[in-house]
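Engineer: Fold the stuff below for me.
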Amino acid sequence: MNGAGGELRKECHTRAVLSLRKSNQREREREAASRPQTMRNVSSILKQLKAVRDRVAKQLSGLNVALTAFANVYGGSAINGKRQISAAGRKRIAAAQRARWAKVRGKARVATPKRTMSAVSRRKIAAAQRARWARVKKSKA
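Structural biologist: Numbers count the residues shown, from 1 in each chain. Here you go, the predicted model:
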């Protein structure tokens, strides 16, 4: 990823840094121009606090833009985290991939996992089969 990806990262980083520097410089100039010489009343204090709040909000928005640019360049989704797949899902995917490779290699058949049945289910099936045979024998007699 040294080619175009590296240059794109550098360019995004440079743009973000320059944007933050310009915004900080403009805010300092505005703050210096709007500073009252004496703070006699509460309204001037409120104005100053609002100006500081606005300046911080703009800086935070600049940081958010920079973070978004970096996240887009690096392609990571650190915000969402990793998606997880169940063990059964991984087994199905692995079995499907083994089948694909076996097909490519020309093997006749891939071993499928053995299916097991509970003892209760076996008894039910056996009882149903005995009942069927009893009906067959009864109909013949």
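Engineer: okay, CA-based contacts and neighbour counts for the rest of this
Structural biologist: OK.
Engineer: residue ranges of the helices in this structure, please?
Structural biologist: For the chain, helices defined by DSSP state H occupy the ranges 4-34, 42-74, 87-105, 119-140.
Engineer: Over to Thr116: give its phi and psi.
Structural biologist: phi -110, psi 160 (degrees, to the nearest 10).
Engineer: I'd like the distance between it and Arg122.
Structural biologist: 10 Å (Cα to Cα, to the nearest Å).
Engineer: So if I had to pick from these two, which one is more boxed in?
Structural biologist: Applying other Cα atoms under 10 Å to Thr116 and Arg122 shows that Arg122 carries more neighbours, namely 11 against 6.
Engineer: tell me which residues in stretch 51-67 are buried?
Structural biologist: Residues of stretch 51-67 classed as buried: 51, 55, 58-59, 62-63, 66 (neighbour count, 16 or more other Cα atoms under 10 Å).
Engineer: got the domain boundaries for the protein?
Structural biologist: Using automatic domain parsing, the domain ranges for the chain come out as 4-74, 82-110.
Engineer: need the least confident one among these, by mean pLDDT.
Structural biologist: Among the domains of the chain, domain 4-74 carries the lowest mean pLDDT, a mean of 79.
Engineer: Quick one: distance of that one to the chain centre.
Structural biologist: Relative to the mean C-alpha coordinate of its chain, domain 4-74 is positioned 29 Å out (Cα atoms, centre = their mean, to the nearest Å).
Engineer: about what we covered before: now distance to Thr112 too, for the helices of the chain, in TSV please.
Structural biologist: TSV is the format used below for those (distance: least, Cα to Cα, whole Å):
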stretch	distance to Thr112
helix 4-34	44
helix 42-74	41
helix 87-105	8
helix 119-140	21
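Engineer: what sits against His13?
Structural biologist: Neighbour list for His13: 66, 69-70 [criterion: Cα atoms under 8 Å, 6 or more residues apart in numbering].
Engineer: how near is it to Thr68?
Structural biologist: 11 Å.
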